[in-house]
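Asker: Based on what follows, work out the 3D shape:
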Amino acid sequence: MADGRGLFRARRVLAAVLCTGAVVACVAAVGSAGASAAATAARSRCIDPVVHDRYDGFHVGVPAGWDLSVIGGLIVISKDYTDQNEGFVEPAYVPSGQSPRAFLSKVLAALTHSVTGGTEAVSFRMTGSTTATLSGHVGSVTIAGAANATFRAAAGAHGSEIGVVSGYWAPASQLGAERAMLASIGACYGPEQGTLFRFYKDQVFGYTLPPGWTVATETSDLLFLDAGPNASANYLFVGPYTSAQGVTDGDTLMQYVFGKLGLTIDKVLTTISAPSGTEFITAFLGHLTTSGGGSKPLHGVVRVISSTNGGVTTGVLRLAVATPALWNSLNPALIWVMYGIQHNFTQDLQAIQQAQEQQAGFARQVAGFDQVLNGTDLTVDPSTGIQYEAPYSAWQNNGPNGAGYYIGQPGAERKLTIIAPQ
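Answerer: Numbering: from 1, shown residues only. As a prediction, the model looks like this:
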């Protein structure tokens, strides 16, 4: 990734808050009737392995060895960190009265703006009311692909119809061989029932936690939230450390803290840095040395914000890790929980709402384009006062007390009240 951005990579789990970059001119769209016909035939088949995300509430095709991530409802499947081979799925509520062509055009315009920057550019050309071709380049590599939209009735708090835009690209020289596998990413997509995240607040932290997850460690400066024995979302306020300890900036701060945790980075997948140099996000493969002397492989993302003054460095690390076998199905929830952790003075619902808005900002910046399917509402159980984050996919249109979000076992379900802004 020559310019440190990448098509989707810099604007998804590696955070749009870091680098936006100047928008460059899109390249002219190209395509052929033959390619369009091939795309239509290919996208009707689900041939990829299917990954289920029971928290956001969906399943999608993920070719073997590829990575899945989600930001603001945009699902991205990538072959590696070169940005040359990618598939995407964007589900969203369709504004009332909007035509399929207008819906697809708005989504593709937003995607074009989001993924174009630096030495990389993408452009779409509409070929029908629900289809388009894609062209562009990643550095000096010419890419090509396609996109399409499908629609389904899905009554919820934010609309009555969902449009699912899926697409893909690859180097033009490889597209013929990879088209069926790439088209299968979207062909395998389907919504599932989402999971409510309970909101917790104490004297030190505010955070959300899915059912079954546990607080492994909490001190005045640390919060480790475990999604079972092989995945966790963590917050660490660390320092002050000095140059005598080998800590002089954010990178050496991360290395020092990782050493204390027994965590070793074996391969950096990509790093995105803020212009100030005091903030960066790194995706990596590594391993954790266990208490018994063994080793556990990990896939992870860490966000580091640091400050160095007078030879002393302090900082905050937000860290999401899981074993490689669990990464695709768990990392969207891990990263969402990781970014939502609020320390002392920011531990309130407004801070959680702000974190939601930052992460889901992609869809909300588009005029006339409603909130994404996999966004969330903040809700409260009126009988207990307990608050929950509810993904849109957790909506029950035929609940026992009418349409809405519910908590509790079948037969004893309680309807929640939405308190998030709409």
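Asker: ok, then the element right after the worst-scoring helix or strand of the chain on mean pLDDT?
Answerer: Least confident helix or strand of the chain, by mean pLDDT, DSSP states H and E, is helix 361-364 with a mean of 35. Note on helix 361-364: by DSSP states H and E, the next helix or strand toward the C-terminus is strand 376-380.
Asker: mind checking how far that following strand is from the chain centre?
Answerer: Distance of strand 376-380 from the chain centroid (C-alpha atoms, centre = their mean, to the nearest Å) equals 19 Å.
Asker: Could you export it as PDB, CA atoms only?
Answerer: Written as PDB, here are the backbone C-alpha positions of strand 376-380 (Å, rounded to 0.1, in the frame of the first residue of the first chain):
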ATOM      1  CA  THR A 376     -27.500   0.900  15.800                       C
ATOM      2  CA  ASP A 377     -30.200   2.500  18.000                       C
ATOM      3  CA  LEU A 378     -29.700   3.200  21.700                       C
ATOM      4  CA  THR A 379     -32.500   1.700  23.700                       C
ATOM      5  CA  VAL A 380     -33.600   1.300  27.300                       C
END
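Asker: Sheet partners, orientation included, of the helix or strand following it?
Answerer: Sequence-wise, the next helix or strand downstream of strand 376-380 (DSSP H and E) is strand 387-391. Strands that pair with strand 387-391, judged by DSSP bridges, come out as strand 197-201 (antiparallel), strand 376-380 (antiparallel).
Asker: So for residue 165, which of those strands sits nearest?
Answerer: Closest to residue 165 of the strands paired with strand 387-391 is strand 376-380 (C-beta to C-beta; 20.2 Å). The C-beta positions use only the backbone N, C-alpha and C, and glycine is treated the same way.
Asker: Quick check: which ranges of the stretch 1-150 of the chain have low pLDDT?
Answerer: Within the stretch 1-150 of the chain, the stretches with pLDDT under 70 are 1-44.
Asker: all strands of it, in order?
Answerer: Ranges of strands in the stretch 1-150 of the chain, per DSSP state E, counting those that start in this stretch, are 50-53, 58-61, 67-71, 74-78, 86-93, 120-126, 131-138, 141-156.
Asker: Buried residues of stretch 134-150, list them for me.
Answerer: For stretch 134-150, a neighbour-count test (16 or more other C-beta atoms under 10 Å) marks 134-138, 141, 143-150 as buried.
Asker: List just the nearest of the residues you listed to residue 400.
Answerer: Closest approach to residue 400 among the buried residues of stretch 134-150 (C-beta to C-beta): residue 150, at 30.8 Å.
Asker: Can you tell me how far that closest one is from residue 181?
Answerer: Residue 150 sits 19 Å away from residue 181, going by C-beta to C-beta, to the nearest Å.
Asker: just the strands in the stretch 151-300 of the chain please.
Answerer: For the stretch 151-300 of the chain, the strands defined by DSSP E, counting those that start in this stretch cover 159-171, 190-191, 197-201, 205-209, 214-218, 222-226, 231-242, 263-273, 279-289, 295-309.
Asker: and those strands as TSV, adding distance to residue 333, mean pLDDT and mean neighbour count?
Answerer: Formatted as TSV, the strands of the stretch 151-300 of the chain follow (distance: least, C-beta to C-beta, whole Å; pLDDT from 0 to 100; neighbours: other C-beta atoms under 10 Å):
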stretch	distance to residue 333	mean pLDDT	mean neighbour count
strand 159-171	21	92	22
strand 190-191	16	91	16
strand 197-201	8	91	18
strand 205-209	10	92	23
strand 214-218	14	96	13
strand 222-226	10	96	20
strand 231-242	8	94	21
strand 263-273	20	93	16
strand 279-289	16	94	19
strand 295-309	13	94	19
